[in-house]
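# sequence? don't have it. structure:
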């Protein structure tokens, strides 16, 4: 990317004059660690101004991602609840049912952590956790996202052992019944590869809104479904009034923002089950974009390329955002590099990752939200 932009600059294609604009869209990876990200940004800035650089992440072009801001800031009932007083924890899941296919050479250099978390997952977290911006202008929104990333506590090396989980898939069976090989059997992959195909992290923030609220992130290849969601679990209501009834437990309320494939918003809460006794069941209110606005298949790139043409960088990454994302995961990469995994492969293809990923939440007396998988 640095060489391409240098050549553009050498022939004058980066220069803006006479009311004309020049914009360059750059696809990830935006470096492979903190140092390389800073080097790349410096090279880009030698020939382009920051307002000309559009670092694209197609996840941010999804309708539900943009709707997070509308849902939070256009509806008066939700913002008073959006804080540590009412929210117990947040889960962000980006699951891929496919393997590495023919991208083994690239994936061996990247792995799940580098490939997904500094890019897709941390920016999704930023939209969920940001403070209300002064406007929806790109600079205001990006500043608030950067504040979120600044507030995330980087993991100390010893915390990596308890707050981060890695995995690599072995052979297994997909939900459709197809037998699939292990990652190490993929083309261009080392038969003794130590590259992770699954990564999960627990992070927390140092700010008033989110102090004490854990954010759990997970992503991986060869999971049971192609699915992306943000699940916000609210704190349980006091149960004193139900102690003398047939109701033993009441599930906590949960708000789910579905990014793909069925974009929409789901809210689950407790309701009385009809009958003479007091029994509480969980019910769902479910909004689906296709039902209300028609089904318009899109990858996200359409919206983002249009925004670039319009000069709207709201859904693009700023240089600072890229560097802050790498800073958050740098300690994890360092520890994982220094301590090679001994148990790879540690989850079967078609399952939800290694056992340690479940323990990451169980140790906090929580559990991952159960995601429905397609039936064969």
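Now that the structure is in, tell me what you want to look at. These numbers were taken from a predicted model, which means no experiment stands behind them. Numbers count the residues shown, from 1 in each chain.
# does residue 284 sit in a helix, a strand or a coil?
The assignment at residue 284 comes out as strand when based on DSSP: H, G, I helix; E, B strand; the rest coil.
# dump the residue contacts of the residue lying closest to residue 60 once chain neighbours are set aside.
Spatial nearest neighbour of residue 60, excluding adjacent residues (CB to CB, 6 or more residues apart in numbering): residue 315 at 4.2 Å. All C-beta spots, glycine's among them, are computed from the backbone N, C-alpha and C. Residues in contact with residue 315, defined by CB atoms under 8 Å, 6 or more residues apart in numbering, are 57, 60-61, 65-66, 303-304, 307.
# In a markdown table, list those residues along with distance to residue 104 and secondary structure.
Putting the contacts of residue 315 into a markdown table (distance: CB to CB, whole Å; DSSP: H, G, I helix; E, B strand; the rest coil) gives the following:
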| residue | distance to residue 104 | secondary structure |
| --- | --- | --- |
| 57 | 23 | coil |
| 60 | 27 | helix |
| 61 | 27 | helix |
| 65 | 29 | helix |
| 66 | 34 | helix |
| 303 | 31 | helix |
| 304 | 28 | helix |
| 307 | 33 | helix |
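# Nearest to residue 128 among those?
The shortest separation between residue 128 and any of the contacts of residue 315 is 9.8 Å, and it belongs to residue 65 (by CB to CB).
# Is there a neighbour count for the closest one? I'd like the number.
Residue crowding around residue 65 was assessed by other CB atoms under 10 Å; the count is 26.
# which residues in the protein form helices?
Secondary structure of the chain (DSSP state H): helices at 2-10, 34-45, 63-73, 104-116, 122-129, 138-151, 157-163, 289-293, 301-310, 319-338, 355-362.
# Just tell me which of those helices ends up closest to residue 23.
Using CB to CB, the nearest of these to residue 23 is helix 301-310, at 5.6 Å.
# Contacts for the closest one next, please.
Around helix 301-310, the neighbours that count as contacts under CB under 8 Å, 6+ apart are 23, 25, 54, 56, 58, 60-61, 66, 313-316.
# So for those, which is the shakiest by pLDDT?
Confidence by pLDDT is poorest for residue 66 among these, given 78.
# Now distance to residue 331 too, for the contacts of residue 315, in JSON lines please.
Compiled in JSON lines, the contacts of residue 315 are given as follows (distance: CB to CB, whole Å):
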{"residue": "57", "distance to residue 331": "23"}
{"residue": "60", "distance to residue 331": "26"}
{"residue": "61", "distance to residue 331": "30"}
{"residue": "65", "distance to residue 331": "27"}
{"residue": "66", "distance to residue 331": "31"}
{"residue": "303", "distance to residue 331": "34"}
{"residue": "304", "distance to residue 331": "31"}
{"residue": "307", "distance to residue 331": "33"}
